[in-house]
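# The amino acid sequence is not available; the structure is as follows:
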């Protein structure tokens with residue numbers, strides 16, 4: 001017998017109809033928020049950024065590849081990582097398939113990471129991805145968009161998700177347990193791992209000028225994570241409750257699961 005509340009079909013239909021009304025309200029509210037995002041003022045970017053790509057060095061304007069809109073996923077892969085962040089990898093599994101659809105809708109989607117290009121290329125080949133991926137290793141791009149930190153910023157308290165974060169002294173970082181184990185999946189320790197942060201940023205190109213239009217971080221990325229959208233509709237949801245000492249997350253990179 002299930003431990004979850006059970007009921008008749010009529011009881012389910014009544015509850016589902018009530019939920020449907022709330023879902024529709026959420027959809028309308030989501031549409032309103034999308035419009036508000038599009039109404040944000042655009043910030044002109046005069047600073048030059050250089051990226052390493054498969055085709056050579058490129059400016060931010062070159063990443064548009066003839067489109068007027070650019071979406072950048074700030075993929076956590078630092079210079080000292082040996083593999084990309086598993087969470088970013090799970091997100092990238094989702095957008096890998098629809099990047100081509102965006103490109104044919106006047107929107108280029110790129111991943112950008114702080115690691116050298118050769119590391120990104122090797123990991124991309126391992127994962128079987130096809131989306132474009134650039135390295136910002138030789139520019140301030142990651143730092144200016146608050147997704148990479150210096151050790152000094154980490155010790156003093158960085159800015160992330162539009163607010164100041166508490167200091168993270170390396171001496172107080174976990175050396176065992178789920179957080180240390182999670183960092184180890186990227187070949188790093190916790191302080192090194194957390195000097196990279198996830199996020200996404202949007203840009204527009206108009207009359208040869210690049211504008212920053214939007215950024216989101218942390219749980220603002222949930223809506224872009226295809227796996228979570230499906231799990232939120234599964235009977236037990238994300239099922240992420242865990243005891244102390246349990247692994248940090250239930251998922252791994254897609255080539256690390258056992259069996260099928």
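Here it is on my side, so go on. Not measured: the values here are computed from a predicted model. Numbering: from 1, shown residues only.
# can we go C-alpha only for contacts and neighbour counts from here?
Fine.
# I'd like the distance from the longest helix along the chain to the chain centre, please.
Of all the segments of type helix in the chain, defined by DSSP state H, the longest one is helix 9-38. Offset of helix 9-38 from its chain centre (Cα atoms, centre = their mean, to the nearest Å): 25 Å.
# buried residues in it?
Across helix 9-38, burial judged by 16 or more other Cα atoms under 10 Å covers no residue at all.
# same thing with stretch 182-190?
Result for stretch 182-190 [16+ other Cα under 10 Å]: buried residues 182, 183, 184, 185, 186, 187, 188, 189, 190.
# Can you give the distance of it from its chain's centre?
For stretch 182-190, the distance to the chain centre is 18 Å (Cα atoms, centre = their mean).
# cool, and stretch 193-203?
Distance of stretch 193-203 from the chain centroid (Cα atoms, centre = their mean) equals 7 Å.
# And the contacts of that stretch?
Contact partners of stretch 193-203, identified using Cα atoms under 8 Å, 6 or more residues apart in numbering, comprise 69-78, 81, 88, 146-151, 154, 183, 186, 210-218, 221.
# measure it end to end?
This stretch, stretch 193-203, spans 27 Å end to end (Cα to Cα, to the nearest Å).
# what comes up buried for that stretch?
193, 194, 195, 196, 197, 198, 199, 200, 201, 202, 203.
# measure the closest residue in space to the fourth one that isn't next to it in sequence to residue 44 for me?
Nearest residue to residue 196 in three dimensions, chain neighbours excluded: residue 148, at 4.6 Å (Cα to Cα, 6 or more residues apart in numbering). Plainly put, residue 148 is 22 Å away from residue 44 if you go by Cα to Cα.
# before we move on, what about residue 164?
24 Å.
# give me the number of residues near residue 237?
Neighbour count for residue 237, taken as other Cα atoms under 10 Å: 12.
# What distance do you get for it to residue 70?
For residue 237 relative to residue 70 (Cα to Cα), the value is 32 Å.
# And for residue 236?
36 Å.
# quick one, strands of the chain?
Applying DSSP state E to the chain gives strands spanning 43-44, 50-53, 56-59, 69-74, 107-113, 133-135, 159-160, 163-164, 199-206, 209-217.
# how about these in a markdown table, adding mean pLDDT?
Putting those into a markdown table (pLDDT from 0 to 100) gives the following:
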| stretch | mean pLDDT |
| --- | --- |
| strand 43-44 | 98 |
| strand 50-53 | 98 |
| strand 56-59 | 96 |
| strand 69-74 | 98 |
| strand 107-113 | 98 |
| strand 133-135 | 98 |
| strand 159-160 | 92 |
| strand 163-164 | 92 |
| strand 199-206 | 98 |
| strand 209-217 | 98 |
